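> sharing a sequence plus its predicted fold:
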Amino acid sequence: QVQLVESGGGLVQAGGSLRLSCKIYGRTFDEYSMAWFRQAPGKERTFVACISWNGASTSYADSVLGRFAISRDSATNTVSLQMNSLKSEDTAVYYCAKSRHAGAMDYRTIGDYDIWGQGTQVTVSS
């Protein structure tokens, strides 16, 4: 059974950093792009960042550009999100997701992703 399991969330002060990890179990997704989304209380789930199947290309939401960095490690079957200069508005549950489109990237809508993790809570105190 294929599973995505996120970890690394927690409570951090504004200006601090966190590193989220998404471990893929059950198979490899080397031919698919991967992404992070987030959902704040009472709001819709929104795109944060994505990375191409080979890690050569990345794309970010304007709100996190320059502060967050997505990466992937095929050896460990892991996708990571380094989050720096965190703000209170970054508070949300963060989800890892696999694209349903092989070989393509920069899809930013929920419908373009077919496997999701359970999410990890990030809380930034001001």
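Right, received. Where do you want to start?
> residue 98 versus residue 124, what's the distance?
27 Å (CB to CB, to the nearest Å). Placement of C-beta: from N, CA and C, glycine included.
> all strands for the protein, in order.
Using DSSP state E, the strands of the chain run over 3-7, 10-13, 18-25, 32-39, 45-51, 58-60, 68-73, 78-83, 92-102, 113-116, 120-125.
> residues in contact with the second one?
In other words, strand 10-13. Contact with strand 10-13 is made by 18, 86, 121, 122, 123, 124, 125, as judged by CB atoms under 8 Å, 6 or more residues apart in numbering.
> beta partners for residue 115?
Beta-bridge partners for residue 115, by DSSP bridges, are residue 98.
> out of the strands of the chain, deepest packed?
strand 32-39 (a mean of 24; mean count of other CB atoms under 10 Å).
> how about the most centrally placed residue in the chain, nearest residue that isn't a chain neighbour?
Centroid check for the chain by CA atoms, centre = their mean gives residue 36 as the closest residue, at 2.1 Å. Nearest residue to residue 36, sequence neighbours excluded (CB to CB, 6 or more residues apart in numbering): residue 48, at 4.3 Å.
> and the one you found, how far from residue 27?
Taking CB to CB, one finds residue 48 at 24 Å from residue 27.
> from the contacts of strand 10-13, which is closest to residue 69?
Of all the contacts of strand 10-13, residue 69 sits closest to residue 18, with 12.0 Å by CB to CB.
> and the closest one, what's its pLDDT?
Residue 18 carries a pLDDT value of 98.
> mind checking how far it is from residue 100?
Separation of residue 18 from residue 100 (CB to CB) stands at 28 Å.
> what residues are up against residue 86?
Contacts of residue 86 (CB under 8 Å, 6+ apart): 12, 14, 15, 16, 17, 18, 67, 122, 124.
> the nearest residue to it once chain neighbours are set aside pairs with what?
Excluding the flanking residues, the one nearest residue 86 by CB to CB, 6+ apart is residue 124, at 4.6 Å. Beta bridges link residue 124 to residue 12 when assigned by DSSP bridges.
> dihedrals phi and psi, residue 56?
phi -80, psi -20 (degrees, to the nearest 10).
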